[in-house]
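S.K.: Sharing a model prediction with you, sequence too.
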Amino acid sequence: MAHRPPRRASATPNAIGTAGRDSPRLSFGASDTCWPQLGGASGMLHRTGVVMTPRSGIPGDVSDAAARHVAGSKQRPQWTMSSSVKDTLLEGSTLRTDMKLNDFLRSKLGGKGVVKKNENVAMEVFVQEPDAYVKNQQLLEGIIFNLTEYQMYKLHHKGVFSLEQWRDYEGKDTVTPIARGKLNAALTQILTERLRGTQEMKFTISTTIEEVLFKGRVRVNEMKLNDFLTMELDGRGVVATNRSVLLKEFFKNPNNYIRDKGVLKEIQATDAYARMERAVREEMDLEEVVRSLYKMVSAIYLGGQKLLRR
């Protein structure tokens, strides 16, 4: 008999788990994206797929091995809503937030654009009216505006100092793609971890009807509108006044929450919108089933109590 080579462990979303044992998986609404629910490797739900995250304490765990596969590899930062824009954009940088314009130009551009009269101009002042201090438009628009450090100063000028403030910032499209991508990635990590943490349930003797029906799903209708727009649509359509609006309320009447018809039309044309709307409406239907079953169980219970009293 021919010798068969050992089968390699798969790291695909449908094959992550402990060797020789299938792990329960969570399916994300109607998108059929699966990831382990309990045990095995941890995963992050995102439109790009499942991202492995290190987890310690379980010998032989896939995620544990992944964390050690490169000696001395950097651990991913654990962001929180209070994490600063500076730390998120400039990890490990010693750049001062009170830097003068000329010092900034010397530090980042080797002194290109330095003018003696700008020696005492603060970066906070420069971002308000860049043309007044740097006359070379090619230098200004081609280099300075694209520097991540400049984007940090610009956000500070707009009052955006933390990831929580970035979440509700309506001017995301004015930030360069690189800086916007870094901030959105950190925010997505926070929101995904939060979502995953609320979904890990275990069956017990007292498991409720709701847990039985929703077991195996990541609940999405309780997700905030702005969080969905940030995670799936790069922040397009985010409005600060919608920070507490749930998706199930939004899908009842989208025009009430996104007043710009052009922006709303663009959002509604995306696959992410269609998938999420379908998933939310499925959950709302299931919740109606739950309410009906509770009424039925209550009626049966009350009927049984009456029989026992006879």
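M.R.: Received it, and whenever you're ready, just let me know what you need.
S.K.: where does the stretch 151-300 of the chain dip in pLDDT?
M.R.: Applying pLDDT under 70 to the stretch 151-300 of the chain flags residues 197-221, 287, 289-295, 297-299.
S.K.: residue ranges for the strands of it, please.
M.R.: Read by DSSP state E, counting those that start in this stretch, the stretch 151-300 of the chain holds no strands at all.
S.K.: Could you pull out the helices in it for me?
M.R.: 163-167, 177-199, 209-214, 225-233, 247-250, 261-268, 271-309 (DSSP state H, counting those that start in this stretch).
S.K.: what's the closest non-adjacent residue to residue 85?
M.R.: With Cβ to Cβ, 6 or more residues apart in numbering as the criterion, residue 85 has its nearest non-adjacent residue at 5.3 Å, and that residue is residue 155. For every residue, glycine as well, the C-beta is placed using N, CA and C.
S.K.: How about residue 189?
M.R.: Closest to residue 189 by Cβ to Cβ, 6+ apart is residue 79, at 5.7 Å.
S.K.: Would you check how far apart that neighbour and residue 229 are?
M.R.: Using Cβ to Cβ, to the nearest Å, residue 79 is found at 18 Å from residue 229.
S.K.: neighbour-wise, which of these two wins?
M.R.: Between residue 79 and residue 229, counting by other Cβ atoms under 10 Å, residue 229 is the more crowded of the two (23 against 19).
S.K.: Following the record's annotation, map out the domains of this protein.
M.R.: Using automatic domain parsing, the domain ranges for the chain come out as 79-200, 205-310.
S.K.: hang on, the earlier thing: could you verify that the residue nearest to residue 189 is part of a strand?
M.R.: No: with DSSP: H, G, I helix; E, B strand; the rest coil as the criterion, residue 79 is assigned coil and is not in a strand.
S.K.: how much space between it and residue 147?
M.R.: According to Cβ to Cβ, residue 79 and residue 147 sit 22 Å apart.
S.K.: do residue 119 as well
M.R.: Distance from residue 119 to residue 147, by Cβ to Cβ: 20 Å.
S.K.: When these two are compared, which one has more neighbours?
M.R.: The residue with more neighbours, out of residue 119 and residue 147, is residue 147; 16 against 11, by other Cβ under 10 Å.
S.K.: Let me see the contact set for the more buried one.
M.R.: Residue 147 is in contact with residue 108, counting by Cβ atoms under 8 Å, 6 or more residues apart in numbering.
S.K.: got it, and residue 112?
M.R.: Contact analysis of residue 112 by Cβ under 8 Å, 6+ apart lists 105, 139.
S.K.: Model confidence at it, what's the number?
M.R.: The model reports residue 112 with a pLDDT of 91.
S.K.: No further questions, thank you.
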